[in-house]
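**Q** Any chance you could fold what I've pasted below:
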Amino acid sequence: MNPARLRAYIYLIIASAIWGIAGPVIKFTLKELPPFTFLAYRFFLTSIILSPLIFTKGVSFPKKPKELGLFVLIALLGTTINIGLLFWGLNLTTVLDQTIISMAAPLGVILAGTLILRERVTKIEKLGILIAIVGTVFIIVQPIFESSGPIFAYKNLFGNILTLISNFAWIGYVIFSKIGLKDYKFEPLSLTIGSFIIGFFTILPFSILEVGSFQGAVQLIKVVSITTHAGVVYMALLSGALAYFLYQLGQKTIEASEAILFTYLQTLFAIPLAVWWLKETITTPFILGTVLTTLGIGIAEYKRRKV
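**A** Residues are numbered from 1 along each chain as shown. Prediction:
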């Protein structure tokens with residue numbers, strides 16, 4: 001195997017493991033911090049840690065309006081929009097639902113590649129995508145079929161919908177990142193640093209609205225437990241700075257549609273932790289939706305790898 005491709009695989013495997021653990025960490029930490037305040041705190045820490053690299057590593061950012069516009073779009077899709085919706089949704093739903101819904105993201109990249117890059121999709125791929133979509137929709141609406149009460153059901157349903165929308169933002173982030181890295185020669189480090197700085201300043205107003213004031217947000221962060229601080233630090237250092245940088249390094253070498261396949265590895269970490277640590281329950285509707293989604297993904301991706 002090409003050494004550069006092997007390194008890319010290693011980077012993406014590590015990033016997937018970090019992000020797989022991130023779901024349960026987020027859900028646990030949201031017990032004390034509301035989603036946007038959590039994110040503002042997280043983005044602030046990541047930005048403070050990464051900003052010195054601008055000077056020590058000579059990191060540069062785009063200056064031409066077209067390149068700068070694409071850079072900002074990538075940052076917003078990858079942080080403020082994607083992660084903001086994901087945190088908001090995860091505050092309302094379960095890690096189990098969020099994990100399976102996120103499994104459909106690679107198929108979204110295939111469809112985006114078809115529409116934007118004019119890539120060809122075979123009939124068997126279309127069948128697999130259709131089955132996966134049916135499974136994903138079933139996961140999204142399955143709270144309605146469970147007997148946890150109407151308030152919980154609709155709250156969970158809304159959280160699932162927010163998670164689905166966050167997937168679309170992630171798909172856009174992957175596609176436009178690939179364009180930026182390949183066509184405009186964006187550096188992975190500058191894209192990572194810029195994304196979190198932009199993410200902090202754009203998510204901060206939502207945190208202020210959520211708590212009522214900037215001082216209120218700061219005070220809330222001061223009084224949370226050490227375990228909550230540890231969860232934010234994990235998200236800031238590992239899930240934020242390290243995982244994003246490794247993902248950018250990995251997908252710089254290989255195709256975007258191949259890089260996003262590593263998303264599937266996240267379930268190996270997220271589901272066991274959700275059941276063991278968070279005591280979430282695997283229900284019959286959840287199993288049915290998961291089987292349909294996995295079957296559809298298997299059909300679509302098997303044919304794609306074969307081709």
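
**Q** what's in contact with stretch 132-150?
**A** The contact list for stretch 132-150 (C-beta atoms under 8 Å, 6 or more residues apart in numbering) reads 93, 97, 100-101, 103-104, 107, 152-154, 156-157, 160-161, 164, 283, 285-286, 288-297, 300. Any C-beta I mention is one placed from the backbone N, CA and C, and that applies to glycine too.

**Q** Swap in 6 Å and give it another go.
**A** Applying C-beta atoms under 6 Å, 6 or more residues apart in numbering, the external contacts of stretch 132-150 come out as 97, 100-101, 104, 107, 153, 156-157, 160, 283, 285, 289, 292-293, 296-297.

**Q** just stretch 285-304 next, same as before
**A** Here stretch 285-304 makes contact (C-beta under 6 Å, 6+ apart) with 100, 103, 124-125, 128-129, 131-132, 134-136, 138-139, 142, 145.

**Q** Closest one to residue 182 out of the contacts of stretch 132-150, please.
**A** residue 107 (22.0 Å; C-beta to C-beta).

**Q** Skipping adjacent residues, who's closest to the closest one in space?
**A** Nearest non-adjacent residue to residue 107, counting by C-beta to C-beta, 6 or more residues apart in numbering: residue 129, 5.1 Å away.

**Q** Next: residue 163.
**A** For residue 163, ignoring the flanking residues on the chain, the nearest one in space by C-beta to C-beta, 6+ apart is residue 89 at 4.0 Å.

**Q** model confidence over the host helix or strand of the one you found, on average?
**A** When elements are assigned from DSSP states H and E, residue 89 belongs to helix 82-90. For helix 82-90, mean pLDDT is 95.

**Q** Identify the residues contacting it?
**A** By C-beta under 6 Å, 6+ apart, helix 82-90 touches 26-27, 35, 39, 98, 159, 162-163, 165-166, 169-170, 173, 203.

**Q** where does the stretch 51-200 of the chain dip in pLDDT?
**A** Counting by pLDDT under 70, the stretch 51-200 of the chain shows low-confidence ranges at 110, 112-121, 146-152.

**Q** Just want the angle from whichever strand or helix holds residue 4 to helix 82-90.
**A** Counting by DSSP H and E, the element that carries residue 4 is helix 3-29. Going by axes from the mean of the first three to the mean of the last three C-alpha atoms, to 10 degrees, helix 3-29 is angled at 40 degrees with respect to helix 82-90.

**Q** I'd like the distance between the nearest residue to residue 136 once chain neighbours are set aside and residue 288.
**A** Distance criterion C-beta to C-beta, 6+ apart; nearest residue to residue 136, sequence neighbours excluded, is residue 104 at 4.5 Å. According to C-beta to C-beta, to the nearest Å, residue 104 stands 15 Å off from residue 288.
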